[in-house]
Every structure is written in C-alpha cells, then in structure tokens.
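Trainee: what's the 3D shape of this:
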Amino acid sequence: MQWKVESIHMHAAPLDYFLHAAGPAAGPTMVLGWALAALSMAVIVIVALLLAVATARRRRIEADHAGPTIVRDEKTGMRWVYIGTGISSVFLIAALAYTLFTLDSVAAPPRAPSLTLTVTAYDWWWKVEYSDADGGPALVTANEIHIPVGEPVKIVLKSADVIHAFWVPQLAGKTQTIPGQINEQWIQADAPGVYRGQCSQFCGAQHAHMAFEVVAQDHAAFDAWRSTEAKPATPVAGAANALALHGQKLFLDRCAGCHTVRGTDANGAQAPDLTHLDTRRLIAAGTMTNTREHQLDWIAHAQRIKPDSLMPSIALTANDAAALSAYLATLH
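Mentor: This is a model prediction of the structure:
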C-alpha cells in the first residue's frame, strides 16, 4: 500500500517551522524561543540607543570645548555601569528561570507513550526502527517516521558516527545524538500532516542534506501503513517481469552490500532499508523527491548531488538503468 501524500495536509511553508507549533512538546519551546529572541533584540536596541546618545553627547562636548575634556566626576559614569549591570542580571536570571521551567514542562509527555521508536543518525541519513513491544509488527525504514495523531511517541536517539541533532521544529525541541550515548525525546502531532525534521548540529559536508519527515496519520491509516511496511518485498518472478528480474540481479550484485531489501538476499546495514522504497515521498534524506527520474539520477550522480556521502556514483548503461528502475518500482 502506498500512502497518498496528496491526501495529507502538508506543513511545508518554511516560516511554519518557527511560527506554529503542532504538538504539546513544541508549544512551550517555541514560545521560549520567541521570548529569548525578543530579549536579544531589546538588548541590541538599547545598546544601539545608548551608543548613539553617547556619541552625540561626546560631539556636543567637543564642539563646546576646544581643549581636552576633563572628567570631573567619575562616579557619574560608573553609576550607569552599575544600573546596566543590575538590570542585565535581573533579566538574565529571569530568562534562565523561564528556560529551566520550560525544559521541565516538556521533559516528559502527559501520559505514557503509545509507541517507542529508535532513530539512529548516520552520515547523512536516519535509520528508523519500530519494535514489536507495543503490539505492532517490528520493522525498519529510513528518513520517514510515521506516527499516530494525538499520541505521544517516545524517540530513542543513537548515533552511528558523529554528533548529530534530531529536530522537528513543529513537534518538539532539538536533542543531540551522541556516539556511545542514548538520548531520549518525545513528540506528538495534534493534526494529520507531514512535518519536516532536520539535523541541526553541524556534522560534516552534507549536514544541510540530512533531513527527514514525520508523517502523522489517523490510527487506521497508521496501522495500515505499519502492517504493510512490515511485510517483505513483493517477489519478482515470471517471464512478464524479465526486465525487473534483470534489475533485481543488478541490485543484488551492486547494491546489496549496503542496502537491505527484506525477502531477498540484500542484507546490507550501512545504507537505508529499501524494502518499501516506492512508498516514500523523498529520497537521499530529503534531498530529492521520489520519482523514477530522481532515483536514477541519484544512483548515477550521487557524488555530484551529495558529495562525500557513502553512496557512490554508479555508471549504468541505458538497458541497465531501465532494468534497475523497473525493479525499484516493485518495492512498494
């Protein structure tokens, strides 16, 4: 089953990531972010005004006195330093208290999570694992997280290489993934939609191309997606599928060392699981839309599109490209 992205409201406007919260874990942190931004802007404006006043006053004094200016009362100048330091300290302590209060308010969901996922960050993509602990089937996918609407979801965060940061602005604050350490976060979407996530910790050359999507669905749609996603790939057989069979052989010969397709001999662990590739909206960790043309472009020009990634650029003849594309089309 391929879920239809057209039927889900897309939260795609860039400003929406910062202007609108779509879940209870994101609302308090978003207000905190804007409050700190307002405080920072107020400090900039006040400092700029004081500098302008001081400059104007200095010029006026120099115009009135031809000789050097003699400071007769140092205490007058220091009084402004004391006042400024005092006011700054009060606001900084208030900002610290507000920050700690906000972090405490979103540290845990209001009720026990109905679903627990393990997300492992790689250079530069995301592995997503659903266990069977909550009663649903276990499965592995990549760069696309499906969750039920209105339910808190626990995210167990790991890193396979360097420090990354898991961030879905509309659903929660950011949490780092650190090699050798397990961190946790929770997210919840109050409405169906597709919410963009991004690595927000600089992690190397393709940090900007390390995105993912969280797809929030009603319970029936989520259960149907999970049930289908847990199945192995549809077997390719028969004379009518000769082109796809040739493509499958190419895939097993040239791609199976890194990628997994469940139900086949492809069991690679260093690249995204492609068992149901055709159901995803994006490929290459959010870099391209998932079309036949983009799939082949990615395979042939990965190092041009995403330099320094572990995906090599693979030269294909026209016949091999057609066969491989036919095989990938069966991964739905």
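Trainee: any idea how far residue 307 is from residue 206?
Mentor: Going from residue 307 to residue 206 by C-beta to C-beta, to the nearest Å gives 7 Å. For every residue, glycine as well, the C-beta is placed using N, CA and C.
Trainee: where does the stretch 51-200 of the chain dip in pLDDT?
Mentor: In the predicted model, the stretch 51-200 of the chain carries pLDDT under 70 at residues 58-77.
Trainee: Can you tell me how far residue 105 is from residue 177?
Mentor: Distance, residue 105 to residue 177, by C-beta to C-beta: 23 Å.
Trainee: Between these two, which is the more surrounded one?
Mentor: Shown here are residue 105 and residue 177; by other C-beta atoms under 10 Å, residue 177 has more neighbours (26 against 14).
Trainee: mind listing what the more buried one touches?
Mentor: 119-121, 157-159, 163-166, 183 (C-beta atoms under 8 Å, 6 or more residues apart in numbering).
Trainee: Who does it form a beta bridge with?
Mentor: residue 164 (DSSP bridges).
Trainee: which SS class is residue 110?
Mentor: coil (DSSP: H, G, I helix; E, B strand; the rest coil).
Trainee: can you tell me which residues contact it?
Mentor: Here residue 110 is in contact with 24, 152 (C-beta under 8 Å, 6+ apart).
Trainee: next one: residue 314
Mentor: Neighbour list for residue 314: 254, 299-300, 302 [criterion: C-beta under 8 Å, 6+ apart].
Trainee: need the helices for the stretch 151-300 of the chain, in chain order.
Mentor: With helices called from DSSP state H, counting those that start in this stretch, the stretch 151-300 of the chain shows them at 219-229, 242-254, 292-305.
Trainee: Distance to residue 236 added to those, as CSV?
Mentor: CSV is the format used below for the helices of the stretch 151-300 of the chain (distance: least, C-beta to C-beta, whole Å):
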stretch, distance to residue 236
helix 219-229, 18
helix 242-254, 5
helix 292-305, 17
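Trainee: Reformat the ones you listed as CSV; add mean pLDDT and mean neighbour count.
Mentor: CSV is the format used below for the helices of the stretch 151-300 of the chain (pLDDT from 0 to 100; neighbours: other C-beta atoms under 10 Å):
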stretch, mean pLDDT, mean neighbour count
helix 219-229, 96, 16
helix 242-254, 94, 18
helix 292-305, 96, 16
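Trainee: closest one to residue 46 among these?
Mentor: Comparing the helices of the stretch 151-300 of the chain by their distance to residue 46 (C-beta to C-beta), the top pick is helix 292-305, with 46.5 Å.
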